[in-house]
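>>> Model the structure of this input:
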Amino acid sequence: MMMRALLVFCSIHLASGFVSAGVPRPVTELRGGYDATIGAHPSTPIQFFTLPGNTCPYAQRTYIALKELQLPFDITEVTGMPKPDWYLSINPRGKVPALRVPTADYAVIYESAICNEFLCDYATSLEQDHTLMPTDPFLRAKVRLLNDHCDNVFSKTQFTYLMNKDDEKEDVLCGEMESALATYEDALAESEGPFLLGTFTLADVHVFPFVQRLVITLKHWKNYELPREKFPNLLAWHDSCLGRESVKESSMSKEKMIEVYERFVGADYKFGGLNKNN
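So this is what the prediction gives:
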């Protein structure tokens, strides 16, 4: 059963170290409140650390993978800026997602692509059949190349176009984004769908949260929709992904997404460097 732990961050004091009776114990202040990892039962299969409300596309990748692989897990929602000390002890970068495996000596994994490949390997170690990561080395490389394209090409064009406020750049930035998306359109034409490699793999998991946000946010702020004459396969793929239970459970509503992105657009948010506007 999946348990959701929503942590209320307040300042508490924890004793540290062992000292003899009668000797004052040194006390350290733990910014961010209760350390969720202390309360993890040793039999907890996997702890999944994410933001509340399915707002993070990177964490959504790992949520989808967990559901697709049917691995039991608990959710801990991490809030607060800066991130609490207990979470920084898990992921020094302070980002989500992160995974913690109490049954494996509390091993910690972070970064969404690494988390997802780990989950596939973990499921395989449990002798669980799955197709999220192919066994063929050439197909595995193709998954990784598509994922690299998402992280280093497509997502930058997406958020640069979304955040652009210079009308003279609109057509150029839109064209760059569509050129980046053509990689996925071509992959779908080659695989004959419905997914990037034919079957649903980590390549789909990796890019879908970003295309999902593109469809909603660009329609709202740019009045832009993916042209069906250019992207018939990509639009069909988007609908196929939306129909999966893992996607339904890991997604936020259209209204919530617009509410979240209102803050980003208004603040000229840099999206971790993805927004290349000056």
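>>> Show me where the stretch 1-150 of the chain has its helices.
57-69, 85-88, 112-125, 137-149 (DSSP state H, counting those that start in this stretch).
>>> so which of the ones you listed comes closest to Ile258?
helix 57-69 (14.9 Å; C-beta to C-beta). Quick note: C-beta positions are derived from backbone N, CA and C, even for glycine.
>>> The closest one packs against which elements?
For helix 57-69, the packing partners by 3 or more C-beta pairs under 8 Å, 6 or more residues apart in numbering; DSSP states H and E come out as strand 47-50, helix 112-125, helix 202-222, helix 245-250.
>>> Please repeat the previous calculation with a cut-off of 10 Å.
strand 47-50, strand 74-77, strand 98-101, strand 107-110, helix 112-125, helix 202-222, helix 245-250 (3 or more C-beta pairs under 10 Å, 6 or more residues apart in numbering; DSSP states H and E).
>>> Okay, buried residues for the last one please.
It refers to helix 245-250. By neighbour count on 16 or more other C-beta atoms under 10 Å, the buried set for helix 245-250 is Ser246, Val247, Ser250.
>>> what does the longest one give?
Using 16+ other C-beta under 10 Å as the burial criterion, the residues of helix 202-222 that qualify are 202-218, 220-221.
>>> If you count neighbours, what's buried in the next helix or strand after it?
Next helix or strand after helix 202-222 toward the C-terminus (DSSP states H and E): helix 232-242. Neighbour counts using 16+ other C-beta under 10 Å place Asn233, Leu234, Leu235, Trp237, His238, Ser240, Cys241 of helix 232-242 among the buried residues.
>>> Check stretch 180-187 too.
For stretch 180-187, by 16+ other C-beta under 10 Å, it's Ala180, Leu181, Thr183, Tyr184, Glu185, Ala187.
>>> From His238, how far out is the residue nearest to Tyr58 when sequence neighbours are not counted?
Once flanking residues are discounted, Tyr58 sits nearest to Ser112: 4.3 Å by C-beta to C-beta, 6 or more residues apart in numbering. Applying C-beta to C-beta, to the nearest Å, the value for Ser112 to His238 is 20 Å.
>>> Now do stretch 153-163: distance to the chain's middle.
Chain-centre distance of stretch 153-163: 17 Å, with C-alpha atoms, centre = their mean, to the nearest Å.
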